[in-house]
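1. model this:
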Amino acid sequence: MIRHRFLSLITLAAALFTGFPLVANAYQPRGVMTVGQEIASEGSARQIRGTFILENVTEYPLLLRFSPIKTESFSFDITARQTILKPGESIPVEYNGAIFQDGKWQINFQLDLFSEQEVLAGRHTVDVYFLVQGGRYQVASYEDLFLRPDVEEPGLGASFISREDTGVLRRAPDIKAPAMEDLLRINPEGVFKIPTSSGVGEQQIDPRILRPSLRLENPNLNLQTPLERLKAHAMDSLPLPPESTQIAQSAVRAQGRFSWKGMDNNLHSAFGWRVRAWRRRGSNWVKVAEDWIQSDGRWQLSFPQESGRVKFQYVAFNRFFTPQSSSGDTYRWVGPERSSVPLNHNEGSWYADTSGGAVRGLGEIYHEGMHLWSKLYWTGEINPLRDDSIRVFFPNTSYDCGAGDGIPWSCASRDGRIWLIPAHASRNGVMQHELAHQINYEFWNNNLPPNSGGSHSLGSCYTPGLALVEGFANFMVFWAQTPRNTAPSAGFDFAVENPTFACTTDNRNESWVAATFWDLHDTHGDGNDNLWFIHEGATPGIYLRNGRENSMADFHPIYRNAANDEHEVIIDNIFRQDNIIP
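-> Okay, the predicted model is just below:
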């Protein structure tokens, strides 16, 4: 029976992801909300004093702790470094600071939220915007500084910044380095009875079951399995085959390196971005080649030699997800036009500055998404691709995700859209959390538990369905970012190893659901958790391939059945320890 379920879901994942109403189902967890700000509209940039007002939207008291912000360009501090905020209570938080340089400034306050037992229970960010000219500030908004009509849309035909090619680029951390084209080859998935281990006499996994080899045929050939039957437009993102031996011998071979500058002001390789070559033909520009940018930032293109000007374009786009502006434009940068290029052309090293302006944080969210995709494919053997790339609207400055309070937030909807507010680009794990929702929707064919959407917080109890889907999305951030032999100290905003701050009633809390997933996955023991599935993709794989259940308790017999017979009691203990079953 279980084998039948898994096989049917492999077919299910290939279904078209269209025709569903636009309903925002999954929201970023809310602990506190910024409900107001008070500050003089202008003044000395060396003497800034203001207040933001925070409201506790949970059902439990929170201890708020603040850290000072210090850079070469500005310094800000909170008057009271910590404060208690009761449920439903609002309090003013005073700050003071100084900005030492003229320009447009986004000041990002990071708040840690703790329970009464001083267990990490979430995080919150507050953004304050200033325009500084001649040593005086004016209070502004994100829209004022970066999104007004007189501000040029990032990229879109403008030249970007060149730099000396030192031969060394900063690599984006924590990403395995596959060839990008391999991520687009479909992986035959087959997780049935998955060996477990309790640390004694660990079994060896059968590679024929869980590590099938990738086929290495030309990806443009006619593909047969359900997941391989992608739409024709999907082929546009695959490497271009040589047109003929004669053309290949007289083709331009271009190479270069591309990076993005992050909010840390460092350069990072643009892993998974697209590079395109355009040729001027008469009055039109025609795309003549396109390929991936590899994990070290290098790229290569080959296209026929002919007369006409050439330029190279870089696009933040991939088959898994596509960041877009609120108007639906992709983010793209184009280099200088070349009157001609030799047969062997080195374009040199270039980078897109995503450290400020309307694209502030774009590099970070793209990196997070590529990290998750790589980990899913190469470690989890789960391919999250669908027929249409997930649309990520960033920065979201207007949509409140259907909450009705008018406060922009981050969320995912069942028709393949994600909204991310500017502050969440610097909030670790938000992009991966929302992508995890989209993966969940795709594998379950949008067949979700009842009442599984809406606003929520990490510590409160809601419906079992909401706890299930949110708990899975929370867990996937830990799964992507944390080695399984460690106890995460932070990760996605809370202490997943033992979220004692959270409600324990009737498996209705997302943090305890995430803790259960983590205990099934990690090799770090705590309490009754001394078991793990040997294959690192087993815990998310069983959940995704099983299909919809209405609560985490419904997954108890499913994970129990997937384990070795001698380990079934330990599965019981994990679910009981994490308040899922009595």
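2. ok now stretch 304-315, how far from the chain's centre?
-> The chain centroid and the centroid of stretch 304-315 are separated by 32 Å under C-alpha atoms, centre = their mean, to the nearest Å.
3. can I get it in PDB, CA atoms only?
-> The C-alpha coordinates for stretch 304-315 follow below in PDB (Å, rounded to 0.1, in the frame of the first residue of the first chain):
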ATOM      1  CA  PRO A 304      28.500  31.300 -34.300                       C
ATOM      2  CA  GLN A 305      31.100  33.900 -35.400                       C
ATOM      3  CA  GLU A 306      29.500  36.700 -37.500                       C
ATOM      4  CA  SER A 307      29.600  40.500 -37.800                       C
ATOM      5  CA  GLY A 308      27.600  42.600 -35.400                       C
ATOM      6  CA  ARG A 309      27.900  44.100 -31.900                       C
ATOM      7  CA  VAL A 310      27.800  41.800 -28.900                       C
ATOM      8  CA  LYS A 311      26.800  42.200 -25.300                       C
ATOM      9  CA  PHE A 312      26.500  39.900 -22.400                       C
ATOM     10  CA  GLN A 313      23.500  39.900 -20.000                       C
ATOM     11  CA  TYR A 314      23.200  38.400 -16.500                       C
ATOM     12  CA  VAL A 315      19.800  37.400 -15.100                       C
END
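4. what comes up buried for that stretch?
-> Buried residues in stretch 304-315, counted by 16 or more other C-beta atoms under 10 Å: 308, 310-315. (C-beta placed from N, C-alpha, C; glycine too.)
5. tell me which element residue 435 is part of?
-> Taking DSSP states H and E as the definition, one finds residue 435 inside helix 430-443.
6. what's the nearest residue to residue 376 if we skip its chain neighbours?
-> Counting by C-beta to C-beta, 6 or more residues apart in numbering, residue 382 is the residue found nearest to residue 376 once chain neighbours are left out, at 4.7 Å.
7. which SS class is the one you found?
-> Look at residue 382: counting by DSSP: H, G, I helix; E, B strand; the rest coil, its state is coil.
8. let me know the helix or strand that residue 26 is in.
-> Assigned by DSSP H and E, residue 26 belongs to strand 24-27.
9. that strand: what's the following helix or strand?
-> Next along the chain after strand 24-27, taking DSSP H and E as the criterion, comes strand 32-39.
10. what mean pLDDT does that next one get?
-> Mean pLDDT, computed over strand 32-39, is 91.
11. name the residues that touch the strand holding residue 26?
-> Identification of contacts with strand 24-27 by C-beta atoms under 8 Å, 6 or more residues apart in numbering yields 401-403, 409-414, 419, 434, 437, 441, 448, 452-456, 469-470, 473.
12. with stretch 397-413 instead?
-> 22-28, 30, 33-35, 142-143, 147, 326, 393, 396, 418-422, 424, 430, 434-435, 437-438, 441, 455.
13. first-to-last residue distance for it?
-> Using C-alpha to C-alpha, to the nearest Å, one end of stretch 397-413 lies 17 Å from the other.
14. check which residues of that stretch are buried.
-> Within stretch 397-413, the residues that count as buried by 16+ other C-beta under 10 Å are 397, 399-403, 408-413.
15. so what's residue 97 closest to, chain neighbours aside?
-> Computed as C-beta to C-beta, 6+ apart, the closest residue to residue 97 that is not its neighbour in sequence is residue 76, at 3.3 Å.
16. list the contacts of that neighbour.
-> The contact partners of residue 76, taken as C-beta under 8 Å, 6+ apart, are 48, 68-70, 95-98, 107, 109.
17. please enumerate the helices of the stretch 51-200 of the chain.
-> Along the stretch 51-200 of the chain, counting by DSSP state H, counting those that start in this stretch, helices occupy 142, 180-183.
18. does residue 500 touch residue 117 like I think?
-> Yes - contact criterion C-beta atoms under 8 Å: residue 500 and residue 117 qualify, at 5.8 Å.
19. who's more crowded, these two?
-> Shown here are residue 500 and residue 117; by other C-beta atoms under 10 Å, residue 500 has more neighbours (14 against 9).
20. now that one: how far from residue 101?
-> As judged by C-beta to C-beta, to the nearest Å, residue 500 and residue 101 stand 44 Å apart.
21. which residues of the stretch 451-582 of the chain score low on pLDDT?
-> Applying pLDDT under 70 to the stretch 451-582 of the chain picks out residues 489-492.
22. same check, this time on the stretch 151-300 of the chain
-> Counting by pLDDT under 70, the stretch 151-300 of the chain has low-confidence residues at 151-249.
23. try it again with 50
-> For the stretch 151-300 of the chain, the stretches with pLDDT under 50 are 151-174, 186-194, 199-248.
24. list the contacts for residue 124?
-> By C-beta under 8 Å, 6+ apart, the residues touching residue 124 are 31-34, 54, 110-111, 113.
25. and the two most separated of these?
-> Between any two of the contacts of residue 124, the greatest separation by C-beta to C-beta is 15.4 Å, found for 33 and 110.
26. which one of these two has more residues nearby?
-> It is residue 33, of residue 33 and residue 110, that has more neighbours when counted by other C-beta under 10 Å, with 19 against 15.
27. so what's that one bridging to?
-> Per DSSP bridges, the residues bridged to residue 33 are residue 55.
28. relative to residue 90, how far out is it?
-> Counting by C-beta to C-beta, the gap from residue 33 to residue 90 is 9 Å.
29. the closest residue to residue 433 other than its chain neighbours in helix, strand or coil?
-> Once flanking residues are discounted, residue 433 sits nearest to residue 473: 4.8 Å by C-beta to C-beta, 6+ apart. For residue 473, the assignment made with three-state DSSP gives helix.
30. dump the residue contacts of residue 473.
-> Residues near residue 473 by C-beta under 8 Å, 6+ apart: 26, 433-434, 436-437, 440.
31. how does it look with 6 Å?
-> For residue 473, the contact set (C-beta atoms under 6 Å, 6 or more residues apart in numbering) comprises 433, 436-437.
32. redo the residues you listed as TSV? Include distance to residue 541.
-> As requested, these are exported to TSV (distance: C-beta to C-beta, whole Å):
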residue	distance to residue 541
433	19
436	13
437	17
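33. possible to save these as TSV with distance to residue 572, neighbour count and pLDDT?
-> Below are the contacts of residue 473 laid out as TSV (distance: C-beta to C-beta, whole Å; neighbours: other C-beta atoms under 10 Å; pLDDT from 0 to 100):
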residue	distance to residue 572	neighbour count	pLDDT
433	29	29	95
436	26	28	97
437	29	25	95
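34. out of these, which is nearest to residue 86?
-> Lowest distance from residue 86 to the contacts of residue 473 (C-beta to C-beta) belongs to residue 433, with 27.2 Å.
35. what about the closest one, distance to residue 507?
-> Separation of residue 433 from residue 507 (C-beta to C-beta) stands at 20 Å.
36. what do you get for residue 64?
-> Using C-beta to C-beta, we find residue 64 at a distance of 29 Å from residue 507.
37. who's more crowded, these two?
-> Neighbour comparison, residue 64 and residue 507: the larger count goes to residue 507, with 25 against 22 (by other C-beta under 10 Å).
38. didn't that one look like it was pressed against residue 553?
-> Yes - between residue 507 and residue 553 there is a contact at 4.9 Å, judged by C-beta atoms under 6 Å.
39. anything in contact with each of the two?
-> Joint contacts of residue 507 and residue 553 (C-beta under 6 Å, 6+ apart) are residue 580.
40. how far is the longest strand along the chain from where the chain is centred?
-> Under DSSP state E, the strand in the chain containing the largest number of residues is strand 120-133. Centroid displacement of strand 120-133 relative to its chain, using C-alpha atoms, centre = their mean, is 20 Å.
41. buried ones in it?
-> Within strand 120-133, the residues scored as buried using 16+ other C-beta under 10 Å are 120-132.
42. circling back to that earlier point, in strands, which of the contacts of strand 24-27 fall?
-> Counting by DSSP E, the part of those found in strands is 411-413, 419.
43. turn those into a markdown table, including distance to residue 290.
-> Below are these laid out as a markdown table (distance: C-beta to C-beta, whole Å):
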| residue | distance to residue 290 |
| --- | --- |
| 411 | 32 |
| 412 | 28 |
| 413 | 29 |
| 419 | 28 |
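44. looking at the residues you listed, which is nearest residue 292?
-> Distance to residue 292, by C-beta to C-beta, is smallest for residue 412 among these, at 25.3 Å.
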